[in-house]
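# Have a look at this fold, sequence not included:
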């Protein structure tokens, strides 16, 4: 990879620029807000102009609702030979891209898993993607050179490629990110019904469970509605399991020690097991001790 | 307060001893495991023997299932003039205390809110309770000198007393601690159904939501079944709300942009508002910036 066009000079786009420049890739920063492009240039993410010839790859990092339109626009312009984007939902993205007449052979939708939902706005940094998973969701239409280009992009950013088809990706993020975000918001929202003295007894457990409830309201509404089907499936599953647990506890409340809390014990046990499945941040794997990824540090 | 008997030399009991000794209170450490009492003595929490005369207060810090029995035992022995305990559920505790024939005029059940559910075992420290809420749940039977003695205990430990009746306490902890713990475990347990590539996309949000899922299985089963009614109420509420959100999202998935995500937006908005209601750790209030309470630091 020699050249890359970054469309959208926000924290993600800027971080991609910073990461690629470490390896000598020439990066072009494009943003409808020219001031944003200039700021990113000053930051060191690239030059604030369009590439003079088609770049090897264009990374579209604009708000989710605009991605398909912007992709189509730049494909018509010939901004790059291969295109990728970084929004959080893939099925909807490809539907819109088709509707916009995009060339799907040169498109590899993607999704770098970064950011700390509730810890304030993401900041641009060259190591933002270091050791992170970066999902790539090629379709049957995607040609192999395009996929290889995207794989190289991910590698240059220091991330780990995870290939999934678009439907599998959306179900996956519904499970590991979207539904948990709704759940965290629900946990926090329910506090509004609590008495003052009740809320005073809140401790660290609750702070942890609700941390992500501080995220950007508009962005999350957009993400969740774009992935409405898979998220609804998850929430239905939640509702069912929570209801069954409530039922068992109600029996226990009524009958005391004669009812064994089987379902509850199983949930707690599976909970510990499930938690162990969550991958450690990469530097923890390498060095053997837990450390906090730059994007996850609570702002001081 | 001049003397205190601490029954149960585990982390909580030991921490109470350390805290009280800062103020010159003579503390006696009692534990059926004499070795545990000696270790606490070496740690500086007090002397590993029973008080020669009734102590001003006895703090019973034994496993929840044993509290009532131990209270009755020590009341019969005249270990102290006033009694308190630190388990997480109050209605059940008082029921058992009555059944054991305890003198309720001298009993003030309580509950210091400490500990970081999933960050490993609690460690004894003199400042464990610093700035923390400590619920006290006197009944109509509790006499005023006993309550004042408990209030002094809490103050000497550096904590903030929060008075609640036992039922209100149990509803409160169901809301802010018990149901969230179940929810966190459920979030983690559901990962076991996810494909490997799905789980690889897990990020910080999920780590936060599930952090408490690492807690002690037996202890939590005991706590949750002891508070089964209020926790069932909470989980039924969860199930209802999760189901309603799923319904709205399913409509959106079917009808696209014609359905407005009102309930979803409201949940997210209330989530941010609810989170703002969670009290900051006390030192954050004093100094103006967020810092991590000793009991909440992730072990390095």
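That came through, no problem. As the structure is a prediction and not an experimental result, all values here were calculated from the model. Numbers count the residues shown, from 1 in each chain, chains lettered A, B, ... in the order given.
# CA atoms for contacts and neighbours, from now on please.
Noted.
# residues touching the most centrally placed residue in chain A, list them.
For chain A, residue A:113 is the residue whose C-alpha lies nearest the centre (C-alpha atoms, centre = their mean; 4.3 Å). Counting by C-alpha atoms under 8 Å, 6 or more residues apart in numbering or on different chains, residue A:113 touches A:129, A:132-135, B:201-203.
# how about those residues in CSV, adding distance to residue B:223 and secondary structure?
Below are the contacts of residue A:113 laid out as CSV (distance: C-alpha to C-alpha, whole Å; DSSP: H, G, I helix; E, B strand; the rest coil):
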residue, distance to residue B:223, secondary structure
A:129, 41, coil
A:132, 37, coil
A:133, 37, strand
A:134, 40, strand
A:135, 40, strand
B:201, 33, coil
B:202, 29, coil
B:203, 30, coil
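# Of those residues, grab the buried ones for PyMOL.
The buried residues among those can be selected in PyMOL (16 or more other C-alpha atoms under 10 Å in any protein chain shown) with this line:
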select buried, (chain A and resi 129+132+133+134+135) or (chain B and resi 201+202+203)
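# Report the two of the contacts of residue A:113 separated the most.
A:129 and B:202 (13.9 Å; C-alpha to C-alpha).
# returning to what we had before: need the pLDDT of the residue nearest to the centre of chain A.
Listed pLDDT for residue A:113 reads 92.
# tell me which of the contacts of residue A:113 is nearest to residue A:274?
For those, the nearest to residue A:274 is residue B:202 (11.6 Å; C-alpha to C-alpha).
# Can you list the low-confidence ranges for the stretch 151-300 of chain A?
Scanning the stretch 151-300 of chain A with the threshold set as pLDDT under 70 gives A:256, A:281-300.
# Just want to check the distance between residue A:135 and residue A:108.
10 Å (C-alpha to C-alpha, to the nearest Å).
# and what of residue A:20?
Taking C-alpha to C-alpha, one finds residue A:20 at 18 Å from residue A:108.
# can you check residue A:149 too?
For residue A:149, the distance to residue A:108 - C-alpha to C-alpha - is 9 Å.
# again, but for residue A:260
51 Å.
# between the two, who's got more neighbours?
residue A:108 (26 against 15; other C-alpha atoms under 10 Å in any protein chain shown).
# Report the beta-bridge partners for that one.
With DSSP bridges as the criterion, residue A:108 is bridged to residue A:84.
# ok, it - contacts?
Taking C-alpha under 8 Å, 6+ apart as the test, what residue A:108 contacts is A:82-85, A:136-139, A:142, A:146-147, A:150.
# coming back round to it: ramachandran coordinates for the residue nearest to the centre of chain A?
phi -90, psi 100 (degrees, to the nearest 10).
# Next: residue A:29.
The phi/psi pair for residue A:29 (degrees, to the nearest 10) is phi -110, psi 120.
# what's near enough to touch it?
Contacts for residue A:29 (C-alpha under 8 Å, 6+ apart) come out as A:5-9, A:17, A:37, A:40-41, A:45-50.
# still on that earlier bit, who touches both of residue A:149 and residue A:108?
residue A:82.
# Surely residue A:251 touches residue A:259?
Yes: if you go by C-alpha atoms under 8 Å, residue A:251 and residue A:259 touch, sitting 6.9 Å apart.
# Please, which helix or strand holds residue A:170?
helix A:166-173 (DSSP states H and E).
# Contacts made by the helix or strand that that helix is followed by with the rest, please.
As assigned by DSSP H and E, the chain's next helix or strand after helix A:166-173 is helix A:179-190. Under the contact criterion C-alpha under 8 Å, 6+ apart, helix A:179-190 has outside partners A:209-213, A:231, A:234-235, B:175, B:180, B:187, B:205-206, B:209, B:238, B:241-242, B:267-275.
# quick one: the helices in the stretch 1-150 of chain A?
Residue ranges of the helices in the stretch 1-150 of chain A, as given by DSSP state H, counting those that start in this stretch, are A:11-21, A:34-43, A:67-77, A:91-99, A:144-156.
# Including distance to residue B:168 and mean neighbour count, could those go into JSON lines?
JSON lines is the format used below for the helices of the stretch 1-150 of chain A (distance: least, C-alpha to C-alpha, whole Å; neighbours: other C-alpha atoms under 10 Å in any protein chain shown):
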{"stretch": "helix A:11-21", "distance to residue B:168": "46", "mean neighbour count": "26"}
{"stretch": "helix A:34-43", "distance to residue B:168": "53", "mean neighbour count": "18"}
{"stretch": "helix A:67-77", "distance to residue B:168": "50", "mean neighbour count": "18"}
{"stretch": "helix A:91-99", "distance to residue B:168": "47", "mean neighbour count": "17"}
{"stretch": "helix A:144-156", "distance to residue B:168": "53", "mean neighbour count": "19"}
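# nearest to residue B:161, of those?
Closest approach to residue B:161 among the helices of the stretch 1-150 of chain A (C-alpha to C-alpha): helix A:11-21, 44.5 Å.
# and the closest one, what other elements does it pack with?
Helices and strands touching helix A:11-21, by 3 or more C-alpha pairs under 8 Å, 6 or more residues apart in numbering or on different chains; DSSP states H and E, are strand A:3-7, strand A:26-30, helix A:144-156.
# so what does the longest one touch, helix or strand wise?
Counting contacts by 3+ C-alpha pairs under 8 Å, 6+ apart, the secondary-structure elements packed against helix A:144-156 are helix A:11-21, strand A:55-60, strand A:80-85, strand A:107-112, strand A:160-163.
# what's in contact with that helix?
Under C-alpha under 8 Å, 6+ apart, the answer for helix A:144-156 is A:1, A:19-20, A:23, A:56-57, A:82-84, A:105-108, A:134, A:136, A:138, A:160-161.
# please redo it, this time with the cut-off set to 6 Å
A:82, A:106 (C-alpha atoms under 6 Å, 6 or more residues apart in numbering or on different chains).
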